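1. Predicted model follows, preceded by the sequence.
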Amino acid sequence: MKNLLIISLIFVSLSFAQSQRGFQKMLSSSPEELVSLSGSMPFNQAMQMLSKMSKQFINKIIVLSEDITDPIGIDIIQMNWYRALLLILKYNNLEYAETDEYIKVLPRKAERPPIPEALRGVDLNTREVNISAVFFELDVAKSREIGLNWKWLLSSTDMDIAGQLGQVDNNIFNLNPQQTTEQNKTFNLGLYSQKQIGDFIGRATALFNFFEQNQLGEVIASPQVTVRDRVRGEIQVGADFSTREKDFAGNTVERFYSTGTIIRVTPYVFEEDGKNYILIELEAERSNAIPGQISTEIKKTKAKTDVLLVDGEETVIGGLYITEEKTERSGIPILKDLPWWVFGIRYLTGFDKKTYSKKELIIVLKAKLVPPLKERFTSRKKNLNLIEKTREQFQNEIKIYQMNPVEEK
C-alpha cells in the first residue's frame, strides 16, 4: 500500500512538472520567443516558422500529417510561439501529439462539411438565371472619322439602321461630266429593320460584326454563365497579377489582383401576377495594371447599377473608356534598330514615337430564366435531347442574326 502511494505521488509530480513546463512556455515573454503572423499566411508556411523556433527553444520539430495550404485565419501579434501554435491549431480544429522528439499535427477528422449559407434553402423550385454577355471594344477615333454613333444605331427600332455609310456621289467633285472618277469606299451595314434582325441582342451582334469587318473594333468575348437566384456570379476576361507586399507584422506576402473586363451580377427573381421579372445588381469594371519602378498602378473604370429586366430582356453598358499607349520605333529600316554602341547611329536614323488610342468598352447583357428542376425532370422523362435542341436554337439564331450586306451599285 505504501509503495502504491509513492508511485502515485511520483506520477502526480511528473504530470505537474510537465504541465508547469508547458505553462512556462506559454507565459514566456522573452523577445526571442515572440512571433507575429498574418491571418492570410498559409498554414504550412506558418508551421515551418514555428518549427524553427520549436527546434531552437525545446529541441523539437513540428511535423505535419498532411499538407495544408489554407490560411491560418487569425492574426498573431507579438505572442509566444508555443501559445501561437496552440491558438492556430484550435482555430483550425486541429489536434496535436507531443513526444520527446517532435510535435505532430494530427490529420483532420473525416467529417461531412457543413452546408454553406448560400446553398441552404435549395429545392426543386429554386430558379436560375442564364446571363449571356457580349464584350465589344470600339476604336473611338475611327468611329468618329466616319461619323458612327453606336448608341443611336442600337436605339433605332422602326427605321432602317443604315444602308451604306460613307458613300459619296461619283460626280460630286467632277468638273467634267465626261470624266470618270474613282468610287469612294463605302461601309455596307446591311441592317434593314428590326423585324429582319430579330431582338435587341441580335441587332447588337450584327452591328458589332459590321464594326469588326471594317476594323472599327473587335469582339473580345461572348461568355455565358448560369447563376442561382440571389447568388453572385462573376465573369472576367483578363488576367490576375501579383505584387509582393508586407503585412502589419513585417512579413512579405504575395497578393493577387484581378484586372481586365470584369462583370459581377447578382440576380433576384420575383413573380407577380403570374409574370416573372429579374432585378440584377450589376457591377462592370474595366482595368489594367501598369508596372512602375516603385509600385504598380491600376487604371480602372467602374460602373455599378441595379437593373429591372423581364425574362429574356437585354441591357447595354457603355462609356467604359481606356487609353492605350504604344511606343513605336520609326526611321530608316535596319539602321534605326542598331544597338546604341554602334557609333550612336540609331539616334541619327530613328526615333521613338508614342501613339495613344482611346477604346470604349460596350457590354450587351441578356438575362433569361432557366426552367426549374421540376420541368427539367419532366423533359428528361420525355427523352428530349438537350444538345440537339440547343443546336437547333443556335442555328435559328444565326439565321435570324445573319447580316445581309447591301449590294454596291
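-> Now that the structure is in, tell me what you want to look at. Residues are numbered from 1 along each chain as shown.
2. residues in contact with the host helix or strand of Ser143?
-> In this assignment (DSSP states H and E), Ser143 forms part of helix 140-145. Helix 140-145 is contacted from outside by 149-150, 211, 215-217, 321, 357-360, using CB atoms under 8 Å, 6 or more residues apart in numbering. Backbone N, C-alpha and C define where each C-beta goes, glycine included.
3. now that helix, how far from the centre of its chain.
-> 29 Å (CA atoms, centre = their mean, to the nearest Å).
4. now swap in stretch 84-95 and tell me
-> Distance of stretch 84-95 from its chain centroid, counting by CA atoms, centre = their mean, is 33 Å.
5. Excluding its own residues, what touches it? List them.
-> Taking CB under 8 Å, 6+ apart as the rule, stretch 84-95 contacts 26, 35, 37, 43, 46, 50, 54, 62, 68, 70, 72-74, 76, 79, 96, 103, 105-106, 108.
6. As a check, name the ranges of all helices in the stretch 151-300 of the chain.
-> Taking DSSP state H, counting those that start in this stretch as the test, the helices found in the stretch 151-300 of the chain are 194-197, 200-213.
7. The longest one packs against which elements?
-> For helix 200-213, the contact count by 3 or more CB pairs under 8 Å, 6 or more residues apart in numbering; DSSP states H and E identifies strand 128-139, helix 150-155, strand 187-191, helix 194-197, strand 217-221, strand 314-331, strand 350-370, helix 386-401 as packing neighbours.
8. what angle do it and strand 350-370 make?
-> Counting by axes from the mean of the first three to the mean of the last three CA atoms, to 10 degrees, helix 200-213 points 160 degrees away from the direction of strand 350-370.
9. can you tell me which residues contact Gly318?
-> 150-151, 360-363.
10. Of these, select the buried ones using a PyMOL command.
-> Here is the PyMOL command that selects the buried residues among those (16 or more other CB atoms under 10 Å):
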select buried, resi 150+360+361+362+363
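11. related to what we said a few turns ago, will you turn the contacts of helix 140-145 into CSV that also has distance to Ile58 and pLDDT?
-> Shown next, in CSV, are those (distance: CB to CB, whole Å; pLDDT from 0 to 100):
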residue, distance to Ile58, pLDDT
Asn149, 75, 74
Trp150, 71, 73
Phe211, 70, 81
Gln215, 71, 82
Leu216, 71, 84
Gly217, 66, 86
Tyr321, 61, 81
Ser357, 64, 81
Lys358, 64, 84
Lys359, 61, 85
Glu360, 64, 85
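12. Could you identify the buried members of those?
-> 150, 211, 216-217, 359-360.
13. Now the two most distant members of those residues.
-> Trp150 and Lys359 (13.0 Å; CB to CB).
14. about what we covered before: so of the contacts of stretch 84-95, which ones are in strands?
-> Mapping these onto strands (DSSP state E) picks out 35, 37, 62, 76, 79, 96, 103, 105.
15. domain parsing for the protein?
-> 21-105, 128-322+356-401 (automatic domain parsing).
16. need the least confident one among these, by mean pLDDT.
-> Across the domains of the chain, domain 128-322+356-401 has the smallest mean pLDDT, namely a mean of 73.
17. and the helices and strands packed on helix 200-213 as CSV, adding distance to Thr261?
-> Shown next, in CSV, are the helices and strands packed on helix 200-213 (distance: least, CB to CB, whole Å):
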stretch, distance to Thr261
strand 128-139, 5
helix 150-155, 17
strand 187-191, 26
helix 194-197, 25
strand 217-221, 6
strand 314-331, 8
strand 350-370, 6
helix 386-401, 22
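18. Tell me which of these lies nearest to Glu254.
-> Per CB to CB, nearest to Glu254 of the helices and strands packed on helix 200-213: strand 314-331, 26.4 Å.
19. Now do the strands in the stretch 201-350 of the chain.
-> In the stretch 201-350 of the chain, the strands defined using DSSP state E, counting those that start in this stretch lie at 217-221, 224-228, 233-246, 252-272, 275-291, 296-310, 314-331, 350-370.
20. now Pro71, nearest residue through space, not along the chain?
-> Ser40 (4.9 Å; CB to CB, 6 or more residues apart in numbering).
21. part of a helix, is that neighbour?
-> No - secondary structure of Ser40 (DSSP: H, G, I helix; E, B strand; the rest coil): coil, not part of a helix.
22. mind exporting stretch 271-289 as CSV, just the C-alpha atoms?
-> C-alpha atoms of stretch 271-289 as CSV (Å, rounded to 0.1, in the frame of the first residue of the first chain):
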residue,chain,number,x,y,z
GLU,A,271,-43.0,36.7,-59.6
GLU,A,272,-46.1,38.9,-59.6
ASP,A,273,-49.5,38.3,-61.3
GLY,A,274,-48.0,35.2,-63.0
LYS,A,275,-45.2,37.2,-64.6
ASN,A,276,-41.5,36.8,-63.8
TYR,A,277,-39.1,39.6,-63.7
ILE,A,278,-35.5,39.9,-62.6
LEU,A,279,-33.7,42.5,-60.5
ILE,A,280,-30.0,42.4,-61.3
GLU,A,281,-27.3,44.0,-59.2
LEU,A,282,-24.7,44.8,-61.9
GLU,A,283,-21.1,45.9,-61.5
ALA,A,284,-18.9,46.4,-64.5
GLU,A,285,-15.2,47.1,-64.4
ARG,A,286,-12.5,47.8,-66.9
SER,A,287,-9.0,47.9,-65.6
ASN,A,288,-5.4,47.3,-66.5
ALA,A,289,-2.2,47.2,-64.5
